[in-house]
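Participant: here's my sequence, what's the structure:
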Amino acid sequence: MSAVRVERVVTSGTFSLDGETFDVDNNVWLVGDDEEVRVVDAAHDARAIHEAVAGRRVTAIACTHAHDDHIDAAPQLSVLTGAPVLLHPDDHELWSHTHPARKPDGDLVDGRVLTVAGIHVRVVHTPGHTWGSCSLYAPFLDAVFTGDTLFHGGPGATGRSYSDRPAIEASLRNRLLTLPGDTTVHTGHGPDTTIAAERRNVPTP
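Facilitator: Purely as a prediction, here's the structure:
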């Protein structure tokens, strides 16, 4: 039996919202073993992600939120792998701006437990960066996948459509910073961090 592990694929493209466009590099995460994986955030390049999957079964494509740079490759990757695309319902409107003719296949909802390679991954609804932003907590791996909710250095960006600074700070204080301090934070952009390291970077009310 092969070990369960986390693999990172970095893809490059653009992020567009509210009439502005930026060049970005995104972290795409593969969670699984030699037989099957779950993809977290299908960003920019479906073929590069599919190549990294390397023939393994993809159980699902989980989208931490629906900003275009995190979901632009999701439909094509779904075609390539046969895997369903999962997203929190509160981000369906935002998703429709990028993929008006293709809806997600299923819902990420708070407390839902996803299984891949024999381990459990729990969905934690963490609104603020977007209303439907979710983090994925894998206790067996001592890891949480936070999308753009928590970065090395603190909270993700707010101030654009579908976002709210007090909401993201509340999500961090109440939902993520309560996780064990040695939990590795796998982010949507940039380097990893830990829960303990970020506690000092989130304002207290």
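
Participant: wait, doesn't residue 36 sit right on residue 55?
Facilitator: No. Under the criterion of C-beta atoms under 8 Å, residue 36 is not in contact with residue 55, lying 10.6 Å apart. To be clear about C-beta, it is placed using only N, CA and C from the backbone, and glycine gets the same treatment.

Participant: okay, helices next: where are they in the chain?
Facilitator: With helices called from DSSP state H, the chain shows them at 46-53, 68-71, 74-81, 92-98, 165-171, 195-198.

Participant: can you say which of those helices is packed in most?
Facilitator: Highest mean neighbour count of those: helix 68-71, a mean of 25 (counted as mean count of other C-beta atoms under 10 Å).

Participant: any weak-confidence spans in this protein?
Facilitator: By pLDDT under 70, the low-scoring segments of the chain are 1.

Participant: from the centroid of it, which residue is nearest?
Facilitator: Geometric centre of the chain, nearest residue: residue 64, 3.1 Å, by C-alpha atoms, centre = their mean.

Participant: mind checking how far the residue lying closest to that residue once chain neighbours are set aside is from residue 2?
Facilitator: Counting by C-beta to C-beta, 6 or more residues apart in numbering, the nearest residue to residue 64 once its immediate chain neighbours are dropped is residue 147, at 2.7 Å. With distances taken as C-beta to C-beta, to the nearest Å, residue 147 is found 27 Å from residue 2.
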